[in-house]
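1. I would like to see how this sequence folds:
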Amino acid sequence: MKAVVILLIFAVLVSALSVVQTQHASRKVFMEVEQLKKEQDLLNEEWGRLQLEQSTWSIDERVERMVTEELDMLVPDSGSLVFLVP
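-> Residues are numbered from 1 along each chain as shown. Next comes the predicted model:
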């Protein structure tokens, strides 16, 4: 009878330690998930800024201004255009 009680006490202690260890692991995973959510939010903000920057850089007027000012390119006059018909 005494051995059964000692065995049960041992089982309860092992079970309690297992619960503590599981809770600790759960809290650790939860903190990691929260950190990853914060990182995701920061990356989403940066992605939005990069998309806005890309749309700014690709505006037709800006491209045309760069072509004319920096590359000295001009729109050809209608007399110098040649159209090929297949």
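2. next, count neighbours for I9.
-> Burial of I9 is recorded as 10 neighbouring residues (other CB atoms under 10 Å). For the C-beta atoms, the positions are set from N, CA and C on the backbone; glycine is no exception.
3. what's downstream of whichever strand or helix holds it, the next helix or strand?
-> Using DSSP states H and E, I9 maps to helix 2-57. As assigned by DSSP H and E, the chain's next helix or strand after helix 2-57 is helix 60-70.
4. ok, back up a step: average model confidence for the helix holding I9?
-> Mean per-residue pLDDT for helix 2-57: 95.
5. check contacts around V29.
-> With CB atoms under 8 Å, 6 or more residues apart in numbering as the criterion, no residue contacts V29.
6. picking up where we left off before, distance from the helix holding I9 to the middle of the chain?
-> Computed by CA atoms, centre = their mean, to the nearest Å, the separation of helix 2-57 from the middle of its chain amounts to 19 Å.
7. cool, and stretch 65-83?
-> Centroid displacement of stretch 65-83 relative to its chain, using CA atoms, centre = their mean, is 41 Å.
8. buried sites along that stretch?
-> Using 16 or more other CB atoms under 10 Å as the burial criterion, none of the residues of stretch 65-83 qualify.
9. how long is it end to end?
-> Stretch 65-83 has an end-to-end distance of 26 Å (criterion: CA to CA, to the nearest Å).
10. again, but for stretch 69-84
-> 30 Å.
11. same check, this time on stretch 68-84
-> 26 Å.
12. residues touching that stretch, excluding its own?
-> With CB under 8 Å, 6+ apart as the criterion, stretch 68-84 contacts V67.
13. on that earlier part again, by how many degrees do the helix holding I9 and helix 60-70 diverge?
-> Here helix 2-57 runs at 60 degrees with respect to helix 60-70, directions being taken by axes from the mean of the first three to the mean of the last three CA atoms, to 10 degrees.
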